[in-house]
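Trainee: Sequence and predicted structure are below.
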Amino acid sequence: MEAGTIQYWIQGMLLGLAYLAPIGMQNLYVINTALRMGTLRTYQVAVITTSFDITLALAAFFGIGLLLEAVPIFVNLMLLAGCLALVYFGGRIMLARPSLDEEINVDEPLPGIVFACFAVTWLNPQALLDGTLLLGGMRASLPGGMETAFIVGVITASCLWFTGLATVTRAFSQALRGRPLRIVNALCGLIIILFGLNLGYQLMARLY
């Protein structure tokens, strides 16, 4: 790799990590999965979430947020779907009885997991709009030929972040047995519900 290519790859990776690090819906879902499900399902969720996050980053990098701004009905539909889906999944997490016993723990069906990962990633038009401003703005500032190196850096950050988050959470999950685990579970579910209600509030503000 040329020095310039490596420079913009590193720049994309650092920006990607900074974008992912704040606790958000994706992080909460990966953390909660690592605490209450088996190892296989934990890494399946990490990989699926990474895949959806990469598609979101690519969409933002190439400006799909501009399309949402141009066609308001798309934003309204995403806000409605996101509100309903996140309140539903947050409620399920809050009501779940988490266990770290692999023999007792029953993993959720994979199709439901895939939809949940999709919901916490894609059903938030604000994330697309913000991502477009961030990544789209960076794309406009990149010198010719460096776009690929930069977005590959962002993709690298996504792969490292969610796999690392799942691994660290699993490693320390034994310290969260019993009541602490139930508290973390309830907090994750509550915050996801609040994200969903915020989307509903945004929809009402747009309509009225």
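Mentor: Okay, I see it. Residues are numbered from 1 along each chain as shown.
Trainee: Packing partners of the lowest-mean-pLDDT helix or strand in the chain?
Mentor: Least confident helix or strand of the chain, by mean pLDDT, DSSP states H and E, is helix 64-70 with a mean of 72. With contacts taken as 3 or more CB pairs under 8 Å, 6 or more residues apart in numbering; DSSP states H and E, helix 64-70 sits against helix 72-95, helix 125-131. Placement of C-beta: from N, CA and C, glycine included.
Trainee: Tell me which of those helices sits most buried.
Mentor: Ranked by mean neighbour count under mean count of other CB atoms under 10 Å, these are led by helix 125-131, which reaches a mean of 20.
Trainee: Which other helices and strands does it contact?
Mentor: Using 3+ CB pairs under 8 Å, 6+ apart: helix 125-131 touches helix 39-61, helix 64-70, helix 72-95.
Trainee: Quick one, which of the ones you listed gets closest to Arg139.
Mentor: Among the helices and strands packed on helix 125-131, the nearest to Arg139 by CB to CB is helix 39-61 (5.7 Å).
Trainee: Could you list every helix and strand in contact with that closest one?
Mentor: Right, helix 39-61 is packed against helix 25-36, helix 110-122, helix 125-131, helix 147-172 by 3+ CB pairs under 8 Å, 6+ apart.
Trainee: what angle sits between that helix and helix 147-172?
Mentor: Using axes from the mean of the first three to the mean of the last three CA atoms, to 10 degrees, one finds that helix 39-61 and helix 147-172 are set 150 degrees apart in direction.
Trainee: Give the buried residues for helix 39-61.
Mentor: Residues 41-46, 48-54, 56-57, 59-61 are the ones in helix 39-61 that count as buried (16 or more other CB atoms under 10 Å).
Trainee: Thr49 against Cys117, yeah?
Mentor: Yes. Applying CB atoms under 8 Å, one finds Thr49 in contact with Cys117, separated by 4.8 Å.
Trainee: Common neighbours of these two, please.
Mentor: Contact criterion CB atoms under 8 Å, 6 or more residues apart in numbering; residues shared by Thr49 and Cys117: 26, 29.
Trainee: For Cys83, list the residues it contacts.
Mentor: Cys83 makes contact with 196-197, 199-200, 203 under the criterion CB under 8 Å, 6+ apart.
Trainee: Tell me, what's the model's pLDDT at Gly4?
Mentor: We have a pLDDT of 69 for Gly4.
Trainee: Show me the shaky parts of this structure.
Mentor: Applying pLDDT under 70 to the chain picks out residues 1-4, 22-23, 65, 69, 96-107, 176-178, 181.
Trainee: in this structure, which residue is closest to the centre?
Mentor: Computing the C-alpha centroid of the chain and ranking residues by CA atoms, centre = their mean puts Gln26 first, at 2.8 Å.
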